[in-house]
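> Based on what follows, work out the 3D shape:
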Amino acid sequence: MINSSKYKITDWLPTTKDELKLHGWDELDAIIFSGDAYIDHPSFGAAVIGRIIESQGLRVAIVPQPNWRDDLRDFKKLGKPNMFFGVTSGSMDSMVNHYTANLRLRSDDAYTPGGKAGYRPDYATIVYSNILKKLYPDVPVIIGGIEASLRRYTHYDYWSDKLKKSILIDSKADLLVYGMGEKPLLEILKLLKKGVEFSKLKNIPQTAYIEHNTKSVDEIEKWETIELFSHQDCLKNKINYANNFRIIEEESNKMTSSRIIQKTDNDLIVVNPTYPIPTENEIDSYFDLPYTRLPHPKYNKKGDISAYEMIKHSVNIHRGCFGGCSFCSISMHQNKFISSRSEKSILKEIDKIIQMPDFKGYISDIGGPTANMYKMQGIDISVCEKCKKPSCIYPKICNNLNVNHLELLNLYKKIRNISKVKKVTIGSGIRYDLFLKNNPDKNIEKINNQYISELIKYHISGRLKVAPEHTSKEVLKLMRKPDFDSFIDFKKIFDKINKEESLNQEIIPYFISSHPGCTNIDMAELAVITKDLKYKLAQIQDFTPTPMTLATTIYFSGIDPYTLKKIYTPKTQNEKTTQRKYFFWYKPEYKNDIIKDLIKQNRKDLIEKIFGNKISAK
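Numbering: from 1, shown residues only. Presented below is the predicted three-dimensional model:
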């Protein structure tokens, strides 16, 4: 349960008119509408944005999970802000939040008290923004967060099974902030405080807007401009859409990106280049704001918020991921270049966790999008400045990438040595390929081996979750993941250290079915390989096409944007269900269906490997 007794209500940003009065405010400069409950913690975007606005001496409120079905009183209760409304669907795309990979409505919501579903609409960003534009047509609306960020161009929407225009069109918003929004927001606030008209805010990096006059886009010397195939061109030919994705992904993974424009009907979507990643001082400043680290007291008697419960005793130590997995959009939102916090800032946050009344001595995670990329970057930054590859570690680890785990190792040790910390576990995903490769620098190889040893000895709570994702070489190539042999190598090391230390720990591997390129035979072979490793899989998922990933582009277009080769993708409910059953070959209710499928494909050899010699199907 939430324990907020050490705080007073004004320690949170206001959410109601009564709370506004307690702050001594009679008007607001900005109001944020969010699809999540209000959790005043740096892991939740609305809280970060609110605290950033507050840090600039401005008055800001948050309206969490407004009711869009009634007379819209939640949208009216705080009136008009002086500067703008901010809108976010929350920490997840609202459609991913609502629906399973099989398009079934979920029965719960991890970002709502008590896990109750139904507190945000489908396409929440669009719904909230349209309501605000209708009620207050003269007040600018800024949209941001993961849903807006990854729908900034023409995108495939799995839930409606069609290409949709930029979310700027459907939301009627005035400005879109993509990626991690602190830098563009600070520039927006600076200019608005100077008296610059909102309509003039067109040259801020990491923002996007609609230009209604397609010939009036300003020329900016420092920005090159790339024009994509128009939305109409994408509707006519899926190859155009695929080619667009390749350009977008390459630009998103450059240190200095270009401005990208795309015609949609008679309008032009203008997406300005990204900012450089935050410096250590900048990212520290975002995390060091005066968060209570708690959900708002209004939820005290409404049940736990599971998304908060999962992270309340954990620490995010960096942003970004250079893995470039084809089914993941992290690098398209956070950047592939790593932005790390200082030890001082991290230890300061741990001190706050220790003071929490329900803290029992266990830190649940020290990580980020990937656990072990802290402080990693290019050895020669000038080489990185010329690179546009989506991954620094696929198909092989870049020779210019510093994979030294020393900084992370030292951080773990310092946290372990804090007297009130009994154990630190690593809950974020580990990229074991970063420390398995023999390093030409024997000192780094020694340090990385020490990292493996200390990770296994000190930082696992009985189970270590890793994500090999598949066993097929061809599927893993499309996923931009290392061969399954690397998982086998890691498992051998893991088992060896556990035996030496008399530890009873296990690896829990994650796998994906129905990924582009994956056939039923690939799934059958996965069943054989994991069976031989004594696994009965539980941590699995069906591939879900989400906006702005390579895998989704292949799913929709049927081709690989980089090679233009056709790629098979399971799409029908029957295809997906059949592939999923192979994960659970050990369940009697699936045996007959698996046998029938393999007989149909003339692979009785795989039946024998999975089930033994009994191959008759009923």
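
> going forward, measure contacts between C-alpha atoms and count neighbours the same way
Fine.

> so what's the residue nearest to T264 when sequence neighbours are not counted up against?
Nearest in space to T264, with sequence neighbours left out and distances taken as C-alpha to C-alpha, 6 or more residues apart in numbering, is H231 at 5.2 Å. By C-alpha atoms under 8 Å, 6 or more residues apart in numbering, the residues touching H231 are T154, K165, Q262, K263, T264, D265.

> again, but for Y286
Y286 is in contact with P42, V48, I52, E182, counting by C-alpha under 8 Å, 6+ apart.

> The third one sits in which helix or strand?
Secondary structure from DSSP states H and E places I52 in helix 45-55.

> Quick check: which helices or strands does the next helix or strand after that helix pack against?
Per DSSP H and E, the first helix or strand lying C-terminal to helix 45-55 is strand 60-64. Applying 3 or more C-alpha pairs under 8 Å, 6 or more residues apart in numbering; DSSP states H and E, one finds that strand 60-64 makes contact with strand 30-34, helix 45-55.

> Go through these and pick out the most buried.
Among the helices and strands packed on strand 60-64, strand 30-34 has the highest mean neighbour count (mean count of other C-alpha atoms under 10 Å), at a mean of 25.

> returning to what we had before: now, among the contacts of Y286, which is nearest to R463?
Using C-alpha to C-alpha, P42 is the member of those that sits closest to R463, with 26.7 Å.

> Confirm for me that that closest one is in contact with Y291.
Yes: using C-alpha atoms under 8 Å, P42 is in contact with Y291, at 7.2 Å.

> Which pLDDT value goes with the residue nearest to T264?
pLDDT for H231: 98.

> what inclination does the helix holding I52 have with respect to strand 60-64?
With axes from the mean of the first three to the mean of the last three C-alpha atoms, to 10 degrees defining the directions, helix 45-55 sits at 170 degrees from strand 60-64.

> can you give me the helices for the stretch 1-150 of the chain?
17-22, 45-55, 73-76, 94-98, 124-135, 145-149 (DSSP state H, counting those that start in this stretch).

> no no, the stretch 501-618 of the chain
520-532, 550-557, 573-581, 588-600, 604-611.

> Okay, P64 and S160: tell me how far apart.
Distance, P64 to S160, by C-alpha to C-alpha, to the nearest Å: 26 Å.

> Looking at the two now, which is surrounded by more residues?
P64 (24 against 8; other C-alpha atoms under 10 Å).

> what angle sits between the helix holding I52 and strand 30-34?
Using the same axes, to 10 degrees: helix 45-55 against strand 30-34 is 170 degrees.

> Kindly reformat the helices and strands packed on strand 60-64 as CSV containing mean pLDDT and distance to I346.
Output for the helices and strands packed on strand 60-64, formatted as CSV (pLDDT from 0 to 100; distance: least, C-alpha to C-alpha, whole Å):
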stretch, mean pLDDT, distance to I346
strand 30-34, 98, 27
helix 45-55, 98, 16
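
> Looking at these, spot the one closest to N102.
N102 lies closest to strand 30-34 among the helices and strands packed on strand 60-64, at 26.2 Å (C-alpha to C-alpha).

> what's that closest one in contact with?
Applying C-alpha under 8 Å, 6+ apart, the external contacts of strand 30-34 come out as 46, 50, 53, 58-66, 81-90, 128.

> Can you list the strands that that strand pairs with?
Sheet pairing for strand 30-34, assigned by DSSP bridges, gives strand 60-64 (parallel), strand 84-88 (parallel).

> Could you export the last one as PDB, CA atoms only?
Read that as strand 84-88. Extracted in PDB, the C-alpha atoms of strand 84-88 (Å, rounded to 0.1, in the frame of the first residue of the first chain):
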ATOM      1  CA  PHE A  84      -0.400  25.000 -23.400                       C
ATOM      2  CA  PHE A  85      -2.000  21.700 -22.700                       C
ATOM      3  CA  GLY A  86       0.300  18.700 -22.700                       C
ATOM      4  CA  VAL A  87      -1.100  15.300 -23.700                       C
ATOM      5  CA  THR A  88       0.300  11.800 -23.300                       C
END
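
> Quick check: K172 touching N130?
Yes: look at K172 against N130 with C-alpha under 8 Å: they come within range, at 6.4 Å.

> For Y178, list the residues it contacts.
Y178 makes contact with G144, G145, I146, A148, S149, L150, R152, Q206, T207, A208, H333, according to C-alpha under 8 Å, 6+ apart.

> Look up how far K172 lies from the residue nearest to T264.
Separation of H231 from K172 (C-alpha to C-alpha): 17 Å.

> what do you get for S252?
Distance, S252 to K172, using C-alpha to C-alpha: 25 Å.

> how is this protein carved up into domains?
Domain assignment for the chain by automatic domain parsing gives 9-271, 313-461, 465-618.

> Span of the longest one from start to end?
It refers to domain 9-271. End-to-end distance of domain 9-271 (C-alpha to C-alpha): 39 Å.

> Make residue 1 into 120 and carry on from there
OK, 120 is where the count begins now, so the last one is domain 128-390.

> show me where the stretch 520-669 of the chain has strands.
Ranges of strands within the stretch 520-669 of the chain are 542-543, 582-588, 625-632, 659-661, based on DSSP state E, counting those that start in this stretch.

> what ranges of this protein fall below the confidence cut-off?
By pLDDT under 70, the low-scoring segments of the chain are 120-124, 333-340, 732-737.

> mind redoing it with 50?
Low-confidence segments of the chain, defined by pLDDT under 50: 120-121, 736.

> Name the stretch from the strands paired with strand 149-153 that approaches L583 most closely.
In terms of C-alpha to C-alpha, the element of the strands paired with strand 149-153 nearest to L583 is strand 203-207, at 33.0 Å.

> returning to what we had before: between S371 and K291, which is the more surrounded one?
S371 (23 against 20).

> Now the phi/psi pair for the closest residue to the more buried one other than its chain neighbours, please.
Leaving aside its chain neighbours, S371 sits nearest to M451 (5.9 Å; criterion: C-alpha to C-alpha, 6+ apart). With angles defined as degrees, to the nearest 10, M451 sits at phi -70, psi -20.
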